[in-house]
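Peer 1: got a predicted structure plus its sequence, pasted below:
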Amino acid sequence: MKLVQDLLRAENISLTFSNGNGGLHVLDSISLDVSPDEFVCIVGPSGCGKTSLLRILAGLLEPSSGQVVFSGERLARPQRRMGFVFQQANLMPWRTALDNICLPLELAGFARDEKQDRARSLIELMGLQGFEEMYPCDLSGGMAQRVAIGRALVHEPDVLLLDEPFGSLDALTRERMGEELLRIWKAQRGTLLMVTHSIPEAVLLADRVIVLSERPARVELNLKIPIPRPRSIDLTYTEEFGALAAQIRGAIRVKVG
């Protein structure tokens, strides 16, 4: 059996959007890799193309050049072995929290009992006991995003990609959700790749932080985070944490400062 060291790899990814005025060059020869069970965060200036890159890595958007390799094979379309969490929860308003989590299994034709068992185990993991039968309109922003993460995890993907999943939450809820994500990742393990605008959030959560430059984006910094796990929000007040955050902030300012 062939050993695949990198679960997900981008090779010289470039992207240009046609706009009738010579095109908008968004990504420029980006290469990166993500190993099994690794947690990687992507940060960079607003509008530099982070979401576009994540969509390319998920097979939702085709690059202008370059390729994505997933488990040793070229990625040509979305895969069931990948889960994707968008900036907004995007829950179906007519379905309960439990039924929203069940949706991917329903579409895949799973039997009712297996759907319910898997979804209820995710309800417990996400800390949503007692809210199973509530509709999205009755859930807080943090709870709705938990349901969205549960929906992405219910089919047990090898890779979970998250696009600024806590961006619409208030600061305190965002901190709690970051710690919750660490708890869920520890319980389930697996590979996570997350876009965030928050440098402290990236340092707290990730094994490695990839910094993109302003558009057209290139990889400006690929920084390993040596802080041991488990981690808590208290780490944000330490000197080591501050030095890592400053290094990332400095890399972002290379071209925009």
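Peer 2: Yep, that arrived. Quick caveat: nothing in here was measured; it's all calculated off a predicted structure. Residues are numbered from 1 along each chain as shown.
Peer 1: now S29. Nearest residue, chain neighbours left out?
Peer 2: N12 (5.0 Å; Cβ to Cβ, 6 or more residues apart in numbering). To be clear about C-beta, it is placed using only N, CA and C from the backbone, and glycine gets the same treatment.
Peer 1: and the one you found, which of the three is it?
Peer 2: strand (DSSP: H, G, I helix; E, B strand; the rest coil).
Peer 1: who touches it in this structure?
Peer 2: S29, I30, S31, S65, G66, Q67 (Cβ atoms under 8 Å, 6 or more residues apart in numbering).
Peer 1: ok, these vs K224, which is closest?
Peer 2: Nearest to K224 among the contacts of N12 is S31, at 16.8 Å by Cβ to Cβ.
Peer 1: my read: the closest one touches I13, true?
Peer 2: Yes. Here S31 reaches I13: they are 7.3 Å apart, a contact under Cβ atoms under 8 Å.
Peer 1: return every residue with contacts to both of these two.
Peer 2: The contact lists of S31 and I13 share G66, where a contact means Cβ under 8 Å, 6+ apart.
Peer 1: where does the closest residue in space to K50 that isn't next to it in sequence land on pLDDT?
Peer 2: In this structure, K50 finds its nearest non-sequential neighbour in V195, 4.5 Å apart by Cβ to Cβ, 6+ apart. Confidence at V195, expressed as pLDDT, is 96.
Peer 1: hang on, the earlier thing: for S31 and I13, indicate the residue with more neighbours.
Peer 2: In this view S31 and I13 are compared by other Cβ atoms under 10 Å, and I13 has more residues nearby, 23 against 13.
Peer 1: give the contact list for K115.
Peer 2: When contacts are counted by Cβ under 8 Å, 6+ apart, K115 touches C102, L105, E106.
Peer 1: are any of the residues you listed buried, and which?
Peer 2: Buried by 16 or more other Cβ atoms under 10 Å: C102, L105, out of the contacts of K115.
Peer 1: out of the contacts of K115, name the ones that lie in strands.
Peer 2: Applying DSSP state E to those, no entry is found in strands.
Peer 1: in JSON lines: the contacts of K115, plus distance to A206 and pLDDT.
Peer 2: Putting these into JSON lines (distance: Cβ to Cβ, whole Å; pLDDT from 0 to 100) gives the following:
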{"residue": "C102", "distance to A206": "30", "pLDDT": "91"}
{"residue": "L105", "distance to A206": "29", "pLDDT": "87"}
{"residue": "E106", "distance to A206": "33", "pLDDT": "86"}
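Peer 1: let me know the closest of the contacts of K115 to G167.
Peer 2: C102 (26.0 Å).
Peer 1: is it true that that closest one touches D113?
Peer 2: No. Contact criterion Cβ under 8 Å: C102 and D113 do not qualify, at 11.5 Å.
Peer 1: who's in contact with W94?
Peer 2: Contact analysis of W94 by Cβ under 8 Å, 6+ apart lists Y135.
Peer 1: ok, now the one 4 residues further on?
Peer 2: Shown here is L98, whose contacts under the criterion Cβ under 8 Å, 6+ apart are Q116, A119, R120, I123, E132, E133.
Peer 1: the second one belongs to a strand?
Peer 2: Yep, that's A119 we're talking about. No. Judged by three-state DSSP, A119 forms no part of a strand; its state is helix.
Peer 1: now for it, how many residues are close by?
Peer 2: A119 has 25 nearby residues by other Cβ under 10 Å.
Peer 1: low-confidence ranges in the protein?
Peer 2: Under the criterion pLDDT under 70, the flagged ranges of the chain are 1-5, 254-257.
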